[in-house]
Structure formats: structure tokens, C-alpha cells
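**Q** Generate coordinates for the sequence data below:
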Amino acid sequence: MKDLNLIIANNLKQIREEKKLSLEKVADITGVSKSMLGQIERGESSPTINTIWKIAIGLKVSFTSIINSPQDDAMLVHKSEVEPLIEDDGRYRVYPVFPYEDGRRFEMYIVEVEPGGQLSTDTHGEKTQEFITVVEGELTVLTNDKEYIVNKGDSITFRADKRHTYHNPGAGLARLSMVIYYSL
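**A** Numbers count the residues shown, from 1 in each chain. Prediction:
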């Protein structure tokens, strides 16, 4: 698999050029500095998940359109070939397995959260929804100032257009499937 930084660099530059936007304009609409955007486009920076979300929301594109290479009509995804995005000192790992594509308004991830690991994230864009199923361990989700405990085999859905937090309060690994749905 190509280096993730180069994939992000190529995708960001292509999206920006398709939309006929300067780096300065992208900085204005995303809240990410022009110099950081330039570093990302040159593959010189490893942007955080929240930075990628800011860029995606500002450009009105999906998260995975920035982090994934274009795919064939059919694909088999081997976890060992998916480069994870890592947060919280390695305790929160996101494996982007099925990217958003035209005609399909969702993207799918496998997420692993070590004991005590957490991630707080801003909005994923207007009217987005998340669908999470915990396949191992337990997960605490905080959204709209309400906390939900999601145990192995349980699922939760919520509007992801507001700030939300994921946390593993358990003693073992939490593994989950996450779908982000973009409404019209």
C-alpha cells in the first residue's frame, strides 16, 4: 500500500484543484493553516484525525475521500494491508476499510481502542449519522451530554454532527465496526 501521507497529499491536491481553490481559500474554509495544508500536500506532514476531519468538512467531502486511494469495482480488504490512523498515543486505532464513493453515502471503519483509550472528535458534517457495533469489549460514547455504555454485541446510532467522544472503560481491547452515513 502507498504511504498514507502520500495518499492524503495526492487526494487533497486533487480535490483542491478540482474545486479550483487556492491553499489560502482552503485554509479559510477549513481552519487549517495554509502552511500546514502545504506540508500535507507535499507529504511532509502526518495530519491528525481531527485535522483531516476539518479539511473534509471545510471542503464538503468525505473523510475517506482524503485518506483512501481510488478503488476498483470489487475489493477484498485485508486488515494487514490497511494502514491505521493512530491517536491517543497508539491506544485508539482507526482502520478505514470501505471509503465513501459516489452513489454510496457511507464509509466504514474498524476501530480498536485499548483500555483507557479515547478520542474526542468534532462534527463529521451536517446531518451525518454514526452506526457502531461493538464486537469485542465495551465502549462508552458521550454525545449530546449523555453517556452510553455499549457492550459486546450491542450497537448504537447517533447524530454525528455534534462533538462526541469514544472511550474504552474496560480492562480489555474494545473492537468495533463503525459506519458513517452522510444524508442528502
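
**Q** which parts of stretch 119-128 are buried?
**A** Neighbour counts over stretch 119-128 (16 or more other CB atoms under 10 Å) mark L119, H124, G125, T128 as buried. All C-beta atoms are positioned from the backbone trio N, CA, C, and that covers glycine.

**Q** give the contact list for the second one.
**A** Contacts of H124 were listed using CB atoms under 8 Å, 6 or more residues apart in numbering, and they are W53, I57, F63, E130, A160, D161, I180.

**Q** about what we covered before: among the buried residues of stretch 119-128, which are located in helices?
**A** Per DSSP state H, helices hold no members of the buried residues of stretch 119-128.

**Q** May I ask which helix or strand of the chain has the lowest mean pLDDT?
**A** Of all helical and strand segments in the chain, the minimum by mean pLDDT, DSSP states H and E falls on helix 63-67, at a mean of 88.

**Q** Check which helices and strands that one is in contact with.
**A** If you count contacts as 3 or more CB pairs under 8 Å, 6 or more residues apart in numbering; DSSP states H and E, helix 63-67 packs onto helix 4-18, helix 49-59, strand 92-98.

**Q** The residue nearest to the spatial centre of the chain and A56, how far apart?
**A** Computing the C-alpha centroid of the chain and ranking residues by CA atoms, centre = their mean puts F63 first, at 5.4 Å. Separation of F63 from A56 (CB to CB, to the nearest Å) stands at 5 Å.

**Q** Equivalent analysis for S69, please.
**A** From S69 to A56 the distance is 16 Å (CB to CB).

**Q** who's in contact with the residue lying closest to P99 once chain neighbours are set aside?
**A** Take P99 and drop its neighbours on the chain: the residue closest to it by CB to CB, 6 or more residues apart in numbering is T64, 3.4 Å away. Residues near T64 by CB under 8 Å, 6+ apart: P96, F98, P99, Y100, E107.
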